[in-house]
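Colleague: Following is a predicted model, sequence given first.
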Amino acid sequence: MKKVRGTVIIKDDSCKGCAFCVEFCPTDALHLSDRYNAKGYRLPELLDPEKCTGCGLCGLYCPDFAIHGYIIKKVA
Amino acid sequence: MPEELTAELEIPEAKNPVESLLRMERMPHIWCPGCGIGTTVNCFARALEQSKLDLDNVAIVSGIGCTGRVAGYLHLDSFHTTHGRAIPFATGMKLANPELKLVVYSGDGDLFAIGGNHFIHAARRNVDMTVICVNNLIYGMTGGQVAPTTPVTAKGTTYPYGSYDPPFNLPYLADSSGAVYVARWTTYHVRHVTKAIKEAINTRGFSFVEIISPCPTLYSRRNKLGDGLDQMNYYKENSEIRNGADTKEVGMDFQGKIIVGKFVERERKTYRQLMNEHLTNVFGDQFTPYEG
């Protein structure tokens, strides 16, 4: 197993599907999934957990405070 | 993230770091999908967090409009004022309590059309406050009328064949009125926005940050420019960072180049300093300088 450096937490109910996080992820770790939330917005998803560096830029872009990234300190 | 991975990892508290600065009970907010105002609030909350200010001493004032709702969503002393009058209310608060850090957070229509007069006079007097203008180039909440910042040839409900009103160049207006800090960024430049807000809050005097933001529902839709994401990509491709540029030359054309950067940083005496100095000169020892 490769090292997992960081990950994201997505609040499904807050997301409005604008895809800013997907577009501006520096490592292209996110993609728009086939899941929809209760309001019908298409949700982002971590495509490749090994690509995520936990930089948190998605969280800075998110207009709905629905996603944030963090660095995992303890690597399993 | 797949379960077989998360099972072995230590997951910290699943809380967004800006949540402590927001009134989460009011979420989700009213802004449309693809609107940039939420991104600016995110940057503002992070800038406040990083600046390590005493948050009991920070007050946020906003007027009416989409951006005017910001005051209601931030967990600070907030003040939602009448249309265009955010700056006079903030001036009053500053005079009553000079210790307060004041942030006026409003849109382009509120600050420059209805409250344009107040803006230039607060800048002229150099009242110590930070003005953050989220400029979406149109009146959003009222239904897409042409605003004083709408570029020529852009369509709005009141100009269905395109606007021919020459727009305001906001950094030039702020600069020539006497602001001590003037910067312009777009919602694409999140790190720069955060830094600019941090610098503006720490600057003594009238500081002004303009943030160009997409309006997918009215501006982009009427002008057939796609959604919020397309506007963000336009900002990414067509903005040019030119720090210290002459503010005369940073006007905006319809879908043209956007010149961003920190344009002005200078020192001037604030309103309270000027008052205290002048009255001390006139009255000598009889006058006690006003410190709040």
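Modeller: Okay, I see it. Bear in mind the structure is a predicted one, so any value in this text is a computation, not a measurement. Numbering: from 1, shown residues only, chains lettered A, B, ... in the order given.

Colleague: low-scoring pLDDT stretches of chain A, where are they?
Modeller: For chain A, the stretches flagged by pLDDT under 70 are A:1-2, A:74-76.

Colleague: can you give me the helices in it?
Modeller: Assigned by DSSP state H, the helices in chain A fall at A:20-24, A:57-61.

Colleague: residue in chain A nearest to chain B?
Modeller: Residue nearest to chain B within chain A: residue A:63 (2.6 Å; CB to the nearest CB). Where you see a C-beta, it was placed from the backbone N, CA and C, and this is true even at glycine.

Colleague: Distance of that residue relative to residue A:16?
Modeller: Applying CB to CB, to the nearest Å, the value for residue A:63 to residue A:16 is 8 Å.

Colleague: Would you mind telling me which of those two has more residues around it?
Modeller: residue A:63 (27 against 23; other CB atoms under 10 Å in any protein chain shown).

Colleague: who's in contact with that one?
Modeller: A:16, A:18, A:20, B:31, B:34, B:35, B:36, B:37, B:38, B:39, B:41, B:42 (CB atoms under 8 Å, 6 or more residues apart in numbering or on different chains).

Colleague: which residues touch residue B:91?
Modeller: B:122, B:127, B:129.

Colleague: closest to chain A among those?
Modeller: residue B:129 (25.0 Å).

Colleague: ok, now which ones touch that closest one?
Modeller: Per CB under 8 Å, 6+ apart, neighbours of residue B:129: B:87, B:90, B:91, B:94, B:102, B:103, B:104, B:122, B:206, B:207.

Colleague: go with 10 Å
Modeller: Residue B:129 makes contacts with B:59, B:61, B:86-87, B:90-91, B:93-94, B:100-104, B:122-123, B:200-201, B:205-208, B:270-271, as judged by CB atoms under 10 Å, 6 or more residues apart in numbering or on different chains.

Colleague: Just the ones of the residues you listed in helices?
Modeller: Among the contacts of residue B:129, the members falling in helices (DSSP H) are B:86, B:87, B:90, B:91, B:93, B:94, B:122, B:123, B:200, B:201, B:271.

Colleague: could those residues go into CSV alongside pLDDT?
Modeller: Conversion of those to CSV gives the following (pLDDT from 0 to 100):
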residue, pLDDT
B:86, 93
B:87, 94
B:90, 93
B:91, 94
B:93, 93
B:94, 92
B:122, 93
B:123, 93
B:200, 93
B:201, 93
B:271, 91
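
Colleague: quick one: which of these is most hemmed in?
Modeller: Note: the member of the ones in helices among the contacts of residue B:129 with the most neighbours is residue B:86, at 34 neighbours, neighbours being other CB under 10 Å.

Colleague: The helix or strand hosting residue B:42 packs against which elements?
Modeller: Per DSSP states H and E: residue B:42 is located in helix B:37-51. Applying 3 or more CB pairs under 10 Å, 6 or more residues apart in numbering or on different chains; DSSP states H and E, we find helix B:37-51 packed against helix A:57-61, strand B:58-62, helix B:70-73, strand B:101-107, strand B:129-135, strand B:181-186, helix B:190-202, strand B:206-212.

Colleague: With distance to residue B:252 as extra columns, can I get those in a markdown table?
Modeller: As requested, the helices and strands packed on helix B:37-51 are exported to a markdown table (distance: least, CB to CB, whole Å):
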| stretch | distance to residue B:252 |
| --- | --- |
| helix A:57-61 | 23 |
| strand B:58-62 | 23 |
| helix B:70-73 | 23 |
| strand B:101-107 | 16 |
| strand B:129-135 | 9 |
| strand B:181-186 | 9 |
| helix B:190-202 | 17 |
| strand B:206-212 | 8 |
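
Colleague: all strands in chain A, in order from the N-terminus.
Modeller: A:6-10, A:30-36, A:42-46, A:67-71 (DSSP state E).

Colleague: Run through the residues that contact residue B:231.
Modeller: For residue B:231, the contacting residues are B:34-36, B:136-137, B:186-188, B:212-216, B:219-220, B:225, B:255, by CB under 10 Å, 6+ apart.

Colleague: can you narrow those to ones near chain A?
Modeller: Restricting these to those touching chain A (CB under 10 Å from any CB of the partner chain) yields B:34, B:35, B:36, B:187, B:188, B:213, B:214, B:216.

Colleague: pLDDT at the second one, what is it?
Modeller: The confidence metric pLDDT takes the value 92 at residue B:35.

Colleague: low pLDDT regions in chain B?
Modeller: Using pLDDT under 70, chain B drops low at B:1-14, B:292.

Colleague: Nearest residue to the middle of it?
Modeller: In chain B, the residue lying closest to the centroid (CA atoms, centre = their mean) is residue B:132, at 1.8 Å.

Colleague: Which residue is the nearest non-sequential neighbour of residue A:31?
Modeller: Nearest non-adjacent residue to residue A:31, counting by CB to CB, 6 or more residues apart in numbering or on different chains: residue A:47, 4.3 Å away.

Colleague: mind checking how far that neighbour is from residue A:4?
Modeller: Counting by CB to CB - residue A:47 and residue A:4 are separated by 14 Å.

Colleague: Same drill for the two, tell me which one is more crowded.
Modeller: More crowded of residue A:47 and residue A:4, by other CB under 10 Å: residue A:4, with 19 against 15.

Colleague: Chain A contacts on the stretch 151-292 of chain B?
Modeller: Close to chain A, as judged by CB under 10 Å from any CB, the stretch 151-292 of chain B has residues B:187-188, B:190-191, B:193-194, B:213-214, B:216, B:227-230, B:232-233, B:236.

Colleague: Buried only: go through those residues for me.
Modeller: By neighbour count, with 16 or more other CB atoms under 10 Å in any protein chain shown, these hold B:187, B:188, B:190, B:193, B:194, B:213, B:214, B:216, B:227, B:228, B:229, B:232 as buried.
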